[in-house]
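In: Predicted model, plus sequence, below.
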Amino acid sequence: MFSCRQIYDLITEYDEGGLTESGRRQFEQHVVICPPCRGFVSQMRATRERLGQDAPTFPVELEESIVNAFRSWKEKGS
């Protein structure tokens, strides 16, 4: 079974389906018996969901303006 530190390190890999079957099972077993890790996993998922829903969209012109400003700044610094 994984430690709390391993749960912290592996949360993204677990959520993205990157763990082996054994790893996934160990992750789930630990979270079931560890209230702090269960809370951590729940909070991480809620945060990701919230960020995904509120992701802003920017006009293409703004993106181009930022890229051009960065290039100009970089050229002056070279």
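Out: Noted; the coordinates are in hand. Residues are numbered from 1 along each chain as shown.
In: Which of the helices or strands spans the residue sitting nearest the centre point of the chain?
Out: In the chain, the C-alpha nearest the mean C-alpha coordinate belongs to T12, at 5.9 Å (CA atoms, centre = their mean). Following DSSP states H and E, one finds T12 within helix 4-15.
In: related to what we said a few turns ago, now the closest residue to the residue nearest to the centre of the chain other than its chain neighbours, what's its secondary structure?
Out: Leaving out its chain neighbours, the residue that sits closest to T12 by CB to CB, 6 or more residues apart in numbering is G18, at 7.9 Å. From N, CA and C alone the C-beta is placed, and that goes for glycine too. Taking DSSP: H, G, I helix; E, B strand; the rest coil as the rule, one finds G18 in the coil state.
In: Would you list the phi and psi of G18?
Out: Backbone torsions of G18, given as degrees, to the nearest 10, read phi -90, psi 0.
In: Please apply the same query to G17.
Out: phi 80, psi 20.
In: tally of neighbours for it?
Out: G17 has 7 neighbours, counted by other CB atoms under 10 Å.
In: so how far is S42 from it?
Out: 19 Å (CB to CB, to the nearest Å).
In: Next: I66.
Out: For I66 relative to S42 (CB to CB), the value is 35 Å.
In: Mind pulling up the pLDDT for P56?
Out: Here the pLDDT value assigned to P56 is 69.
In: With S78 instead?
Out: On the pLDDT scale, S78 gets 59.
In: Provide the count of other residues in contact range of C37.
Out: The burial count for C37: 21, using other CB under 10 Å.
In: Not counting residues beside it along the chain, what's closest to it?
Out: C37's closest residue in space is I7 (CB to CB, 6+ apart), at 4.6 Å.
In: what do you get for V32?
Out: Using CB to CB, 6+ apart, the nearest residue to V32 is R38, at 7.4 Å.
In: Tell me which helix or strand that neighbour sits in.
Out: Going by DSSP H and E, R38 is part of helix 35-53.
In: can you pull the buried residues of that helix?
Out: Applying a neighbour-count criterion of 16 or more other CB atoms under 10 Å, one finds 37, 40-41 buried in helix 35-53.
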